[in-house]
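The following block contains a protein sequence and its predicted model.
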Amino acid sequence: MLLVAGVGLLGVVLAILMDSGLFKNALLRAVATRIGRPITADTLDVRLLSLHPRAIAAGVTIGNPTWMPAGATAEIAKLTVVLNLPGIGHPGSIAELASENATLHLLRDFAGRSNWQWTAPDLPGRPVSIIIHSLSMPSTQVELDDKRRHMKFRGVVSAADAHGSAPLLSIKGSGELNGREVAFDVTGDALVTARHEAPYHFSFVETSSGSRLSGDGSLPRPFDFNLLDATFAAAGADLKDLYFLTGVTLINTGNFALEGRFARRGLRTTFSDLAVSSGQSDIHGALSIDAASDRPQVRAELYSKLLRLSDLGAKAAGRDTESAADKTLLLSNASYTPNAARHADAAVSFHAGQVQVGRVALQSVDAHLTLDHGVIVIDPLKARALDGTLAARIRIDASKDAPATDVDLKISNAQLGLFLRKGSAQPPMEGLLRARILVKGHGSSLHQVAATSNGTVAAVVSHGALRSSLAELTGIDLRGLGLMLVKSKQETSVLCGLASFRAESGTLTAQSLVLDTDSVLIRGEGAIQLDSESLDLKIRGQPKTMRLLRLRAPLIVQGTLLHPTVGIHATNAAQTAEAAAPGALATPLAAMFGFVDAGHATDADCAALLAQPNT
């Protein structure tokens with residue numbers, strides 16, 4: 001009993017000495033040791049002999065913890081802390097926390113270590129969670145650099161709970177977030193009623209760059225922010241602008257609407273009931289991020305009823321920055337940032353009822369994407385296309401600044417007429433199309449990959465029909481011109497058509513260009529420069545029956561993929577006319593009627609190409 005009394009008396013004496021201002025430095029060192037960071041104060045007024053011990057300090061500097069670089073977490077002109085002592089059945093808490101003229105320097109690194117954590121992040125057990133029952137932080141200067149969530153904020157934040165029996169907490173802020181002006185407003189439950197055993201509820205509104213993010217949430221264990229549940233909704237002019245609110249890099253769109261649910265459990269975050277729409281496109285599904293390892297692991301299952309590529313990108317957002325040269329290209333020069341693929345690994349499944357790519361509608365699309373240390377693999381990619389099937393495997397090595405891309409794409413049993421049809425008009429050519437593209441290239445856009453590509457491109461058309469006027473025109477005779485002038489819809493059967501190109505450093509050189517019809521055998525030669533997308537092709541038709549006044553001159557296809565032009569090789573035409581006289585002496589009928597036995601391509605050409613493994 002004497003020992004207990006002695007200890008009690010010693011405690012009272014120490015408390016009196018503390019209240020009198022002695023042992024200030026010892027007390028600060030004790031608190032600094034307890035919270036794991038240095039603390040200094042110009043003055044300190046402590047009142048410990050109370051049921052609610054109080055400390056009032058001026059000129060306070062709170063340093064960074066040992067797990068962060070040296071520096072200050074907070075600089076406060078005046079700080080008031082009032083404590084609720086722990087008792088039977090309830091832990092201690094902060095009855096009041098008030099600051100004046102404070103500046104906070106908040107840091108978080110890529111590994112998730114922050115200077116606002118109470119305990120070292122690598123210590124086992126649940127993080128310390130302290131209840132605050134009254135908060136006053138008017139006009140606090142805040143500098144936030146959150147590398148993990150890619151967010152930088154500089155501005156003013158005020159937090160206070162209004163007076164009353166159950167005052168709500170209000171936190172308002174404004175400043176610059178990720179380079180754009182931002183304003184936010186958070187309203188929370190009354191702090192005076194907060195308990196560890198009951199969730200703490202709040203609502204929020206945040207606006208920036210024409211986008212608005214709002215929602216409702218709760219902290220299952222106040223105020224442990226490692227546990228968080230929320231619903232959210234966002235809207236704005238461009239989905240990519242959400243980066244300025246969330247730090248998450250998304251794609252350009254037009255006007256959008258987004259909603260979903262959010263849950264954080266330690267280092268694992270899930271987004272469920274996701275639904276986003278823009279234009280006529282929609283995407284919904286779920287996504288999770290596990291940050292327990294050095295590389296965050298992303299998993300997603302996404303669905304769409306309709307996805308139009310025209311609803312995506314800078315053009316859809318009205319922010320088309322393409323140069324005049326880019327606008328002459330058929331293949332998009334819009335590029336991505338390879339570095340964005342190097343910070344996390346991912347596995348994403350995507351399923352769509354329809355994906356609209358220009359005039360082509362892909363049906364029943366299924367794709368699986370994996371991302372592993374900067375290497376993106378899309379395999380499989382399957383869809384119904386033009387009443388046929390499409391299958392592809394795409395590999396992009398984005399671990400380098402000039403990504404290397406491999407493409408293996410196969411189209412089977414597609415209807416060519418569905419691609420060539422414009423409106424309700426009859427297409428100029430129909431048939432069963434099979435194609436294979438096997439190329440490798442470098443670059444961060446579709447155009448760059450094509451401009452550096454090496455490989456093969458091949459296509460075969462069978463069981464089809466070609467408008468007779470086009471077939472005859474390749475032989476440059478009066479019959480073909482007449483059919484064109486009267487807009488004849490007469491057709492000739494296509495026995496076989498094939499096109500085979502070899503790609504070398506972005507140049508497609510024709511290996512075989514043959515279209516065998518009932519009336520004309522059409523052959524071609526030449527090359528396509530994918531860098532400039534310029535065409536240099538010659539097409540020659542050889543009628544299989546007698547023709548009057550046929551000019552033996554090839555058609556010249558020039559211009560670009562986006563704007564091709566067709567003309568007649570004039571020099572060749574003159575040479576052909578001059579050479580006709582000797583031929584007329586030897587073969588009068590051939591010279592008079594312009595007839596040659598063109599033969600067929602079916603056995604020699606189409607069968608050979610069909611036998612190649614590429615097709």
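Done, it's in.

The residue lying closest to Asp406 once chain neighbours are set aside: neighbouring residues, count only.
Computed as C-beta to C-beta, 6 or more residues apart in numbering, the closest residue to Asp406 that is not its neighbour in sequence is Arg395, at 4.4 Å. No exception for glycine: its C-beta is placed from N, CA and C like everyone else's. Using other C-beta atoms under 10 Å, Arg395 has 16 other residues around it.

if I read this right, Arg395 contacts Leu381, doesn't it?
No: between Arg395 and Leu381 there is no contact under C-beta atoms under 8 Å: 11.4 Å.

related to what we said a few turns ago, for the residue nearest to Asp406, which residues make a bridge with it?
Val377, Asp406 (DSSP bridges).

For it, which residues are in contact?
Val375, Ile376, Val377, Ile378, Asp379, Thr405, Asp406 (C-beta atoms under 8 Å, 6 or more residues apart in numbering).

Selecting buried members of those residues in PyMOL, what would you type?
A single PyMOL command selects the buried members of the contacts of Arg395 (16 or more other C-beta atoms under 10 Å):
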select buried, resi 375+376+378+405+406
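
Can you add distance to Ser444 and pLDDT and give the contacts of Arg395 back as a markdown table?
Compiled in a markdown table, the contacts of Arg395 are given as follows (distance: C-beta to C-beta, whole Å; pLDDT from 0 to 100):
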| residue | distance to Ser444 | pLDDT |
| --- | --- | --- |
| Val375 | 14 | 92 |
| Ile376 | 12 | 92 |
| Val377 | 17 | 95 |
| Ile378 | 16 | 93 |
| Asp379 | 20 | 93 |
| Thr405 | 9 | 93 |
| Asp406 | 15 | 94 |
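
Could you identify the pair within the contacts of Arg395 that is furthest apart?
Pairwise distances among the contacts of Arg395 were taken by C-beta to C-beta; the largest, 13.3 Å, belongs to Asp379 and Thr405.

Spit out the residues that contact the two alike.
Ile394, Arg395.

and the helix or strand hosting Gln141, which strands flank it?
For Gln141, the host element (DSSP states H and E) is strand 135-146. Strand 135-146 sits in its sheet next to strand 93-108 (parallel), strand 151-161 (antiparallel), going by DSSP bridges.

May I see the ones you listed arranged in JSON lines, with mean pLDDT and distance to Phe184 as well?
Listed next are the strands paired with strand 135-146 as JSON lines, based on pLDDT from 0 to 100; distance: least, C-beta to C-beta, whole Å:
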{"stretch": "strand 93-108", "mean pLDDT": "91", "distance to Phe184": "15"}
{"stretch": "strand 151-161", "mean pLDDT": "90", "distance to Phe184": "9"}
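
need those strands in CSV with mean neighbour count and distance to Gln542, can you?
Conversion of those to CSV gives the following (neighbours: other C-beta atoms under 10 Å; distance: least, C-beta to C-beta, whole Å):
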stretch, mean neighbour count, distance to Gln542
strand 93-108, 18, 73
strand 151-161, 17, 68
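
of the ones you listed, which approaches Asn84 most closely?
strand 93-108 (4.6 Å).

ok, the closest residue to Asp408 other than its chain neighbours - how many residues close by?
Closest residue to Asp408 apart from its sequence neighbours, by C-beta to C-beta, 6+ apart: Arg393 at 4.7 Å. Using other C-beta under 10 Å, Arg393 is surrounded by 14 other residues.

again with the one 4 residues further on
The local packing count at Asp397 equals 18, with neighbours defined by other C-beta under 10 Å.

And for the one 5 residues further on?
By the measure other C-beta under 10 Å, the count of residues near Ala402 is 12.

what does Pro38 give?
Around Pro38 there are 18 residues (other C-beta under 10 Å).

my guess is it meets Ala32, correct?
Yes: taking contacts as C-beta under 8 Å, Pro38 lies within contact range of Ala32: 5.4 Å.

hmm, who's touching the strand holding Gln141?
96-108, 114, 151-161, 169, 173, 175, 191, 247.

contacting residues around Lys240?
By C-beta under 8 Å, 6+ apart, the neighbours of Lys240 are Thr249, Leu250, Ile251, Asn252, Thr253, Ala317.

Can you pull out the low-pLDDT segments for the stretch 351-500 of the chain?
422-425, 428, 466-491 (pLDDT under 70).

which residues in it form strands?
Using DSSP state E, counting those that start in this stretch, the strands of the stretch 351-500 of the chain run over 360-372, 375-385, 388-397, 404-415, 429-442, 454-467, 491-504.

Make CSV from the ones you listed and add distance to Val298 to it.
Output for the strands of the stretch 351-500 of the chain, formatted as CSV (distance: least, C-beta to C-beta, whole Å):
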stretch, distance to Val298
strand 360-372, 8
strand 375-385, 12
strand 388-397, 16
strand 404-415, 21
strand 429-442, 26
strand 454-467, 31
strand 491-504, 34
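
Of those strands, which is nearest Leu306?
Nearest of these (C-beta to C-beta): strand 360-372, 9.3 Å.

and Gly6, what pLDDT?
Looking at Gly6, its pLDDT is 37.

who's in contact with the nearest residue to Arg308 once chain neighbours are set aside?
Nearest non-adjacent residue to Arg308, counting by C-beta to C-beta, 6+ apart: Gln356, 4.2 Å away. Gln356 sits next to Leu306, Leu307, Arg308, Leu309, Ser310, Leu362 when contact means C-beta under 8 Å, 6+ apart.

who wins for neighbours among those residues?
Leu307 leads the contacts of Gln356 on contacts (other C-beta under 10 Å) with 24 neighbours.

hmm, back to that, from Lys315, how far out is the residue nearest to Arg308?
Gln356 sits 15 Å away from Lys315, going by C-beta to C-beta, to the nearest Å.

could you say which helix or strand contains the residue lying closest to Ile35 once chain neighbours are set aside?
Computed as C-beta to C-beta, 6+ apart, the closest residue to Ile35 that is not its neighbour in sequence is Trp118, at 6.6 Å. Following DSSP H and E, there is no helix or strand that holds Trp118.

Quick check: Trp118 vs Asp224, distance?
10 Å.

Give me the more crowded residue out of those two.
Asp224 (17 against 13).

just checking, that one touches Ser129?
Yes: between Asp224 and Ser129 there is a contact at 4.0 Å, judged by C-beta under 8 Å.

Could you list the low-confidence segments of the stretch 101-250 of the chain?
120-128, 162-166, 247.

And the helices in the protein, which stretches?
2-19, 24-35, 243-246, 416-420, 446-451, 468-473, 478-485, 570-578, 580-586, 588-593, 607-611 (DSSP state H).

what pLDDT, on average, does the last one get?
When you say that, I think you mean helix 607-611. 49.

count of residues packed around the closest residue to Pro65 other than its chain neighbours?
With sequence-adjacent residues excluded and distances taken as C-beta to C-beta, 6+ apart, Pro65 is closest to Arg37, at 4.5 Å. Arg37: 20 surrounding residues under other C-beta under 10 Å.

Which residues are in contact with Arg37?
Ile62, Gly63, Asn64, Pro65, Thr66, Thr73, Asn115 are the contacts of Arg37 under C-beta under 8 Å, 6+ apart.

Quick one, grab the pLDDT at it.
pLDDT, read off for Arg37, is 86.

now Met1
The predicted local confidence for Met1 is 37.

Without its sequence neighbours, what residue ends up closest to Val375?
Leaving aside its sequence neighbours, Val375 is closest to Asp397 (5.2 Å, by C-beta to C-beta, 6+ apart).
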